[in-house]
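Undergrad: Quick check, what structure comes out for this input:
(2 chains)
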Amino acid sequence: MLIELNGISKVYVRGTEEVHALRSVDLAIDDNEYVALMGPSGSGKSTLMNILGCLDSPTDGTYRLDGTDVSGMNANELAEVRNSRIGFIFQTFNLLPRASALQNVELPLIYNGQRRKVRRERAIQALERVGLADRMTHRPTELSGGQCQRVAIARALANGPSLLLADEPTGNLDSSTGEEIMILFDTLHAEGNTVLLVTHDPVIALQAERMIRIHDGRIASDEQLA
Amino acid sequence: MIFLESIRIALGQIWVNKLRTALTLLGMMIGVGAVVGIVSIGEGMRQFVIDEFGKLGGAQFVMVSPQFMQLKDGRWVPNPRSKPLTMDDLSVVEQSSDRLAAVLPSMSHGANMRYRKASYQSRAAGTLPEFSEVYNWQVAEGRFLINADLDKLRRVCVIGKKVREEVFGLAPFLGRELKLNGQRFTVVGLMEDRQTFGEDWGDQVLVPVTTAQRRLAGNKYIQAMVAHAKEQEDVPDITVAIEKALKKRHGPEASYQIVSGRSILEQVEQTILLLKLVVGGIAGISLLVGGIGIMNILLVSVAERTREIGIRKALGAKPVTLLWQFVIEAMALSLTGGALGVAAGYGLGEGIARVISHYSELEFPSIVSPEATLFVLALSIAIGLFFGIYPAARAARLDPVDALRSE
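TA: Sure, this is the predicted structure:
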């Protein structure tokens, strides 16, 4: 089992008010699954994604990633987990604007302590996988939205993560570019990657094999598609 | 690996924000520059004084002169207890300590110099054969004075370069008769070129002190004497010994003015130390201000780059890594400011030294020692570290989720 959530809760204190973003969520995701996570804004969807991505820690409950309990880890340990196990893909790409495509893809490899030569090789490989071998020296401002998202995907793949976590990856793209990106996700899934897609778009969500709906901090439904 | 990367990122940031960086560092640069400049002038002054004293035979001299005037009720009045010095006094002083290298009379007399139709008004100095060696002032042509000249009260003289130019021009001078105040003196030598503290030594003629007393002054006095110690450390002891010997000879009331080169040098050193303390205070303030500027710009930088920090955290940058990244950025900033300041200070010191040299016609150096440079640079890095820690800690503590959400 890749992901095991047991009784995960998250409570924020906003002013004097307690906000229960997640209420005792149990969830299991296996290797090489392709899961879509859906829910309206305020449903706790983002909180769940942040916890799954080890950007945030749960208030209560346990989270085992690849058999390791990460729920009690400190900031440094979580950084290591994010670096080696998780590949993030964001709606707004989140590339460093002044760095080239290659330098952007090299970032997680730098924080992994890889040597310069290894770094360069792996970054080039990752960019080749997403079909951007000819755009390596371009900066994000010189690339189209679709190309930027491909750079971000290459960056997510660079350290060979256990989980690809994509947050509305097509949200900032036109529909045909969005489709290309979704085809890329299909390919990555077919190659054995575990993909978790966070979206509010049912059409996009239908591309996954499994759909989980969140509502009011609880899992409202969990169904296998196709 | 990450460390090198941090340096690269820091330099990149400095380069991207060139104007902002320059303005931030300007204050620090001016402060450090002013300090380095002034200290280099102070050091130059010290070196200048030491060098000039070196030409005078080092700072190990003690000058003894009669105290003709004394300060009484705030006014200078004649001193009834003063006694003029003679060559016998000089012998007494010579015997007063075995750590004396030489004791020279100081006796200068206004002299009208004539040769054929040329005439020159300057001075004649009565002295001893040891003079040349003590002041390391050699003859360029002919010979210097010898003991026989003194014993036999010979009317011989050694002339300076200036005297030669004024009186003889290009004509031969060795063996010629120069008239000093109407008395005939045979020129036996020419001194080499020499200047100290901007003063030309070449406008005088040197004659045996005995001859000068008899023929020029018409008395048996000398104006002062200069005792040269073998070692500079002996100067205080020698000063005491001289005073004691003179009092023994002339009675306890006799008063003489005794000034040592060492005491002059100590005064200079003290002045420079004071200068350094004052300037050091200014340096401290300017570095403090510079450090606050760096802290400020780093806080702005952290705020501006919150999203970037979030991205880096999401990709696995640890808090400590980001802490280092910003601390290194602060140190790179302050080191740049310090280095530019040292360069500016070097230029400033050099410029001031040239202006002084130009207007005073002295060889005035400006000295920036490697130790001082290293100290300033190390201090700059320390400033960066100190003032960079807080902004860097803020960056390191940022919550990745919040940071990613910021615009």
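Undergrad: Could you list which residues are in contact with B:G33?
TA: Shown in contact with B:G33 (C-beta atoms under 8 Å, 6 or more residues apart in numbering or on different chains): B:L340, B:G341, B:V342, B:A343, B:A344, B:G345, B:G347, B:L348. Heads up, the C-betas are built off the backbone N, CA and C, glycines and all.
Undergrad: Neighbours of whichever residue of the stretch 51-200 of chain B sits closest to chain A, how many?
TA: Using C-beta to the nearest C-beta, the single residue of the stretch 51-200 of chain B nearest to chain A is B:D51, 53.4 Å away. Around B:D51 there are 12 other residues, counting by other C-beta atoms under 10 Å in any protein chain shown.
Undergrad: Tell me, what's the model's pLDDT at residue 1?
TA: You didn't pick a chain, so chain A it is. Looking at A:M1, its pLDDT is 88.
Undergrad: nope, chain B please
TA: pLDDT recorded at B:M1 is 56.
Undergrad: So which of the contacts of B:G33 belong to helices?
TA: Members of the contacts of B:G33 lying in helices (criterion: DSSP state H): B:L340, B:G341, B:V342, B:A343, B:A344, B:G345, B:G347, B:L348.
Undergrad: Could you export stretch A:150-162 as PDB, CA atoms only?
TA: Taking Å, rounded to 0.1, in the frame of the first residue of the first chain, the C-alpha atoms of stretch A:150-162 are listed here in PDB:
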ATOM      1  CA  ARG A 150       5.600  20.100 -19.000                       C
ATOM      2  CA  VAL A 151       8.700  21.600 -17.300                       C
ATOM      3  CA  ALA A 152       6.800  21.400 -14.000                       C
ATOM      4  CA  ILE A 153       6.000  17.700 -14.700                       C
ATOM      5  CA  ALA A 154       9.600  17.000 -15.600                       C
ATOM      6  CA  ARG A 155      10.700  18.700 -12.300                       C
ATOM      7  CA  ALA A 156       8.200  16.500 -10.400                       C
ATOM      8  CA  LEU A 157       9.600  13.400 -12.100                       C
ATOM      9  CA  ALA A 158      13.300  14.300 -11.500                       C
ATOM     10  CA  ASN A 159      13.900  12.500  -8.300                       C
ATOM     11  CA  GLY A 160      11.700   9.400  -9.300                       C
ATOM     12  CA  PRO A 161       9.000  10.000  -6.700                       C
ATOM     13  CA  SER A 162       6.500   7.500  -5.400                       C
END
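Undergrad: Spell out which parts of chain A neighbour chain B.
TA: Proximity of chain A to chain B, by C-beta under 8 Å from any C-beta of the partner chain, involves residues A:50, A:53, A:55-56, A:75-76, A:79-80, A:82-84, A:88, A:90, A:94-96, A:98, A:107-108, A:110-116, A:155, A:159.
Undergrad: Next, name the residue at the spatial heart of chain A.
TA: A:L165 (1.5 Å; C-alpha atoms, centre = their mean).
Undergrad: Any idea how far the helix or strand hosting that residue is from the middle of the chain?
TA: Element membership of A:L165 [criterion: DSSP states H and E] is strand A:163-167. Here strand A:163-167 is found 2 Å from its chain centre; the criterion is C-alpha atoms, centre = their mean, to the nearest Å.
Undergrad: swap in stretch A:103-112?
TA: With C-alpha atoms, centre = their mean, you get 16 Å for stretch A:103-112.
Undergrad: what do you get for stretch A:52-59?
TA: Its chain's C-alpha centre and that of stretch A:52-59 lie 13 Å apart, by C-alpha atoms, centre = their mean.
Undergrad: buried ones in that stretch?
TA: Residues of stretch A:52-59 classed as buried: A:L52, A:G53, A:C54, A:L55, A:D56, A:S57, A:P58 (neighbour count, 16 or more other C-beta atoms under 10 Å in any protein chain shown).
Undergrad: Pull the residues that contact that stretch.
TA: A:3, A:5, A:8-11, A:22, A:47, A:50-51, A:63, A:65, A:70-73, A:78, A:81-82, A:85-86, A:88, A:163, A:165, A:196, B:313-314, B:400-401, B:404.
Undergrad: That stretch: end-to-end distance?
TA: 13 Å (C-alpha to C-alpha, to the nearest Å).
Undergrad: again, but for stretch B:214-229
TA: The first and last residues of stretch B:214-229 sit 29 Å apart, counting by C-alpha to C-alpha.
Undergrad: Leaving out the residues flanking it, which one is nearest to residue 79?
TA: Picked chain A for this. The shortest distance from A:A79 to any non-neighbouring residue, by C-beta to C-beta, 6 or more residues apart in numbering or on different chains, is to B:K318 (4.3 Å).
Undergrad: my bad, the chain I had in mind was chain B
TA: B:Q70 is the one closest to B:N79 (C-beta to C-beta, 6+ apart), at 4.1 Å.
Undergrad: Spatially nearest residue to the residue in the stretch 201-350 of chain B positioned nearest to chain A, not counting backbone neighbours?
TA: For the stretch 201-350 of chain B and chain A, the shortest gap (C-beta to the nearest C-beta) falls at B:G316, measuring 2.3 Å. Setting aside the residues directly before and after it, B:G316 is nearest to A:N83 in space (C-beta to C-beta, 6+ apart), at 2.3 Å.
Undergrad: List the neighbours of the helix or strand containing A:L188 that are in contact with it.
TA: Using DSSP H and E, A:L188 falls within helix A:175-190. Residues from elsewhere that reach helix A:175-190 (C-beta under 8 Å, 6+ apart): A:32, A:34, A:130, A:144-146, A:149-150, A:153, A:157, A:164, A:166, A:169-170, A:173, A:195, A:197, A:204, A:207.
Undergrad: Thank you kindly, that will do.
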